[in-house]
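[1] Fold the following and give me the result.
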Amino acid sequence: MELGIIREYLPKGTNGKFYSGSEFVCCSIELPWKNNEAEVSCIPEGRYELVKRFNKKFQWHLILLDVKGRKDILVHPANNAMKELKGCIAPVLKITGPGLGSDSRKACKKIYAKVFAVLDKKEKVYLTIKSKRDEYFEKSGSSNA
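    Got it, this is the predicted structure:
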C-alpha cells in the first residue's frame, strides 16, 4: 500500500494532505521545516515504511522507519504542531492554521483503519512525502485526483 502526503511549508508549521493513491483521506500538520533538526523540524521529504507500534501514551499508532538523522517519528493525534509534536506527523480532519488542525483523533482512526488492515495481512505500507502533488501521483501511478 502506498500513502502520500503533499506538503505546504509555512513559517509556523507544515500543512499537508494525506492520500491513499488518488483518494484524499484527511489533512496533516507538522512542525515547520528547520533542516531536519531533531524535535523542532518536520522530517525530510522521501519514502518511508510505516509499521504498527504500541505504547502507553498513544496506544496503537504508526512509526516511520529509517528517517535519516531521526528516530521515533510517529503518526499520532495532535491538533497543534508547535505544542504537541516533536517531529511527528498528526492527521487532522481540518486545517485551522499553519501547523494547526482539528479532530485529530478522528483523522487518526481513518488512517489507522486503512493502514492496520493492510499491515495485519503482513503486507507493507509506505508513506511518500512530497511538496509537489504531481511528483506523488506519478510515483503512486494515479493522476486522477
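
[2] Nearest residue to the most centrally placed residue in the chain in space, please, no chain neighbours.
    Closest residue to the average C-alpha location of the chain: Ile89 at 4.4 Å, with C-alpha atoms, centre = their mean. Using C-beta to C-beta, 6 or more residues apart in numbering and skipping residues adjacent in sequence, the residue nearest Ile89 is Val75, 5.0 Å away. No exception for glycine: its C-beta is placed from N, CA and C like everyone else's.

[3] how deep is that neighbour tucked in, by neighbour count?
    25 (other C-beta atoms under 10 Å).

[4] Just list whatever residues bridge to it.
    Leu62, Ile89 (DSSP bridges).

[5] again, but for Val125
    Leu50.

[6] Give me the below-cutoff pLDDT ranges for this structure.
    133-145 (pLDDT under 70).

[7] buried set for the biggest helix by length in it?
    Taking DSSP state H as the criterion, the chain has its longest helix at helix 104-119. Buried residues in helix 104-119, counted by 16 or more other C-beta atoms under 10 Å: Ser104, Ala107, Cys108, Lys110, Ile111, Tyr112, Lys114, Val115, Leu119.

[8] got it, and stretch 53-70?
    Phe58, His61, Leu62, Ile63, Leu64, Val67, Arg70.

[9] So Lys86 is in contact with Glu39, correct?
    Yes - counting by C-beta atoms under 8 Å, Lys86 touches Glu39, with 4.2 Å between them.

[10] who's more crowded, the two?
    Lys86 (15 against 12).

[11] Next, work out how far apart the more buried one and Ile43 are.
    According to C-beta to C-beta, to the nearest Å, Lys86 and Ile43 sit 11 Å apart.

[12] quick one, strands of this protein?
    2-10, 13-20, 23-30, 46-55, 59-64, 73-75, 90-92, 94-97, 100-102, 125-130 (DSSP state E).

[13] ok, the residue nearest to Ser28 when sequence neighbours are not counted - contacts?
    Counting by C-beta to C-beta, 6+ apart, the nearest residue to Ser28 once its immediate chain neighbours are dropped is Gly16, at 4.0 Å. For Gly16, the contact set (C-beta atoms under 8 Å, 6 or more residues apart in numbering) comprises Ile5, Ile6, Arg7, Glu8, Cys27, Ser28, Ile29, Glu30, Ile129.
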